[in-house]
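Take this sequence and fold it.
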Amino acid sequence: MEGSTNAIVLYTTKYGETSVMLHCYTQRFGLRTYVVKGARSKRKNKKVSMGMFQPLTQLELLSSTPTRARLSVLTSAKLINPYTSISSDIAKSSICMFLAEVLRSVLKEEEENQLLYSFLEHALIWIDTHSQIANTHIFILVQLTKYLGFYPDVSGINEPYFDLQNGQFTAFTNSKECVSGKEIELLKAYLGTKFDKIEQISANAAARRSLLNILMRYYQLHVQSFRLPKSLDVLYEVFND
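Have a look, this model is predicted:
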């Protein structure tokens with residue numbers, strides 16, 4: 001018996017004729033996969049529905065693990081922290097689509113991490129409840145590196161170069177993965193702020209796009225098997241002004 005936990009939906013995959021596998025990041029168990037029996041059946045299930053399993057939806061899950069079974073079976077799901085604007089706002093839904101793909105690539109641990117879960121929970125609520133969000137996805141990507149183990153070393157933050165390979169600021173170009181210029185000055189601004197201040201960061205679409213490309217390379221260097229999100233181009237298109 002696993003019991004209940006809060007969870008953030010990552011994605012679903014088909015399982016059998018009418019069921020799905022629900023892949024989540026949970027508050028109590030880290031990365032988890034649940035069998036949701038009959039989720040795609042024509043018969044309505046009062047306890048679960050496919051509409052609840054959109055990426056980054058926050059749920060309270062109740063599950064059980066049958067004797068000798070390898071996978072947990074979802075017995076019920078309840079919506080928590082329901083979003084009011086994400087589904088109807090193209091910019092917010094694009095950010096969430098992008099973040100869902102990133103999280104699918106980087107979340108690998110099957111163990112509790114309360115700090116990471118709380119950060120993701122807060123980030124998603126922040127996106128839903130704020131209107132000025134052009135800087136949000138970059139800030140979240142930067143902050144996420146804290147929990148993944150490769151947050152930039154800021155001891156040399158006044159130096160002009162950022163070494164993506166070693167995650168540190170340097171005075172000179174000491175590898176082919178060193179970057180400098182306006183994007184790095186912008187990175188420093190994101191490193192030195194918090195959620196309630198990100199609206200004050202001044203950056204145009206081109207600068208954010210360049211920095212986002214740098215961050216994607218940073219993730220590729222530090223996360224094994226990191227896949228560039230397919231929704232990256234959509235994000236560029238939405239924030240193109």
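
any chance you could map the strands in the protein?
3-15, 19-26, 30-36, 58-64, 72-79, 161-163, 168-170, 178-180 (DSSP state E).

how about these in CSV, adding distance to Arg209, mean pLDDT and mean neighbour count?
To be clear about C-beta, it is placed using only N, CA and C from the backbone, and glycine gets the same treatment. Converted to CSV, the strands of the chain look like this (distance: least, C-beta to C-beta, whole Å; pLDDT from 0 to 100; neighbours: other C-beta atoms under 10 Å):
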stretch, distance to Arg209, mean pLDDT, mean neighbour count
strand 3-15, 25, 94, 17
strand 19-26, 27, 94, 22
strand 30-36, 30, 93, 20
strand 58-64, 29, 93, 20
strand 72-79, 34, 91, 18
strand 161-163, 17, 96, 22
strand 168-170, 22, 96, 19
strand 178-180, 14, 95, 17
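
so which of those comes closest to Glu112?
strand 30-36 (5.9 Å; C-beta to C-beta).

how far does that closest one sit from the chain's center?
Here the centre of strand 30-36 is set off from its chain's centre by 17 Å, with C-alpha atoms, centre = their mean, to the nearest Å.

now do stretch 92-108
4 Å.

can you check stretch 196-209 too?
That offset, for stretch 196-209, works out to 19 Å (C-alpha atoms, centre = their mean).

circling back: turn the strands of the chain into a markdown table, columns for distance to Ile127.
Listed next are the strands of the chain as a markdown table, based on distance: least, C-beta to C-beta, whole Å:
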| stretch | distance to Ile127 |
| --- | --- |
| strand 3-15 | 13 |
| strand 19-26 | 16 |
| strand 30-36 | 22 |
| strand 58-64 | 12 |
| strand 72-79 | 17 |
| strand 161-163 | 26 |
| strand 168-170 | 29 |
| strand 178-180 | 27 |
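
Quick one: closest of those strands to Glu237.
strand 3-15 (22.3 Å).

how about that closest one as CSV, C-alpha atoms only?
Below are the C-alpha coordinates for strand 3-15, written out as CSV (Å, rounded to 0.1, in the frame of the first residue of the first chain):
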residue,chain,number,x,y,z
GLY,A,3,-1.1,5.7,0.1
SER,A,4,-1.6,9.3,-0.9
THR,A,5,0.7,11.9,-2.2
ASN,A,6,0.6,15.2,-4.1
ALA,A,7,1.9,15.1,-7.6
ILE,A,8,2.7,17.1,-10.7
VAL,A,9,1.7,15.3,-13.9
LEU,A,10,4.5,15.0,-16.5
TYR,A,11,2.9,12.9,-19.3
THR,A,12,0.8,9.8,-20.0
THR,A,13,1.4,6.8,-22.2
LYS,A,14,-1.2,4.3,-23.5
TYR,A,15,-1.3,1.0,-21.6
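
Distance of Thr136 relative to Ser105?
19 Å (C-beta to C-beta, to the nearest Å).

For these two, indicate the residue with more neighbours.
Counted by other C-beta atoms under 10 Å, Thr136 and Ser105 do not tie: Thr136 has more neighbours, with 20 against 16.

Next up, the contacts around the more buried one.
95, 123, 126-127, 130, 198 (C-beta atoms under 8 Å, 6 or more residues apart in numbering).

Most neighbours of all the residues you listed, which one?
Going by other C-beta under 10 Å, Ile95 tops the contacts of Thr136 with 27 neighbours.

Wait, Asn113 touches Tyr147, no?
Yes - if you go by C-beta atoms under 8 Å, Asn113 and Tyr147 touch, sitting 6.9 Å apart.

Neighbours of the spatially closest residue to Leu211 that is not a sequence neighbour, how many?
Distances taken as C-beta to C-beta, 6 or more residues apart in numbering put Glu183 closest to Leu211, at 4.6 Å, once the chain neighbours are dropped. Burial of Glu183 is recorded as 21 neighbouring residues (other C-beta under 10 Å).
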